[in-house]
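Student: Provided below for reference: sequence and predicted model.
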Amino acid sequence: VDRAAHAAMMMEEYRRADRERTGILTWGDGEIRDFVAAVFRRLALVPPTETQMYAIYTVFDSDRSMRLEARECLCLADALLRATLIGGRDGVDTGSFELSGTGSDTDIASSSAQLAERPGSARSSRSAASRSLLPPGSARLG
């Protein structure tokens, strides 16, 4: 996948979703869900369920404001895509990640959190902050 083209496509979908041009999408009115679904559809993929999206969304919404800025939305979509693409392939070398590929909410949440922590990931610069965002009782990753 061409990273520049992938990023441009996601940004295009983000701009479509941000109808009011505020630089923020909200969960409550479906903007975030619709944005993620649009990104998946553009790639001819079946979008995750709302429950699966929400499980990962909560990692990105650290202040529980029910809204995400553009960068956070793009990182959310990227994490869900990576979890889906890596988690859905049997026999893919995922390094130290344990992925069952069943597509359950827990598998996708776990995969996305692990991918967010992987060096060189879109969120690697937020590594320390994201560790504190994991739900209580979650296993440490990596």
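Tutor: All right, it came through fine.
Student: pLDDT weak spots in this protein?
Tutor: Within the chain, the stretches with pLDDT under 70 are 1, 88-142.
Student: Show me the strands in it, by range?
Tutor: 24-26, 67-69 (DSSP state E).
Student: and those as a markdown table, adding distance to Tyr54 and mean neighbour count?
Tutor: Placement of C-beta: from N, CA and C, glycine included. Output for the strands of the chain, formatted as a markdown table (distance: least, C-beta to C-beta, whole Å; neighbours: other C-beta atoms under 10 Å):
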| stretch | distance to Tyr54 | mean neighbour count |
| --- | --- | --- |
| strand 24-26 | 13 | 18 |
| strand 67-69 | 12 | 18 |
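Student: quick one: Arg67 and Asp61 touch, right?
Tutor: Yes - under the criterion of C-beta atoms under 8 Å, Arg67 makes contact with Asp61 at 7.3 Å.
Student: any idea how far Leu81 is from Val46?
Tutor: 12 Å (C-beta to C-beta, to the nearest Å).
Student: Could I get the phi/psi values of Gly30?
Tutor: phi 90, psi 0 (degrees, to the nearest 10).
Student: Could you check how far it is from Thr49?
Tutor: From Gly30 to Thr49 the distance is 14 Å (C-beta to C-beta).
Student: okay, now Gly87: neighbour count?
Tutor: 23 (other C-beta atoms under 10 Å).
Student: For Leu81, see how far away Leu45 is.
Tutor: 8 Å.
Student: Those two - which one has more neighbours?
Tutor: Leu81 (21 against 15).
Student: so what's the more buried one up against?
Tutor: Neighbour list for Leu81: Val39, Phe40, Leu43, Leu45 [criterion: C-beta atoms under 8 Å, 6 or more residues apart in numbering].
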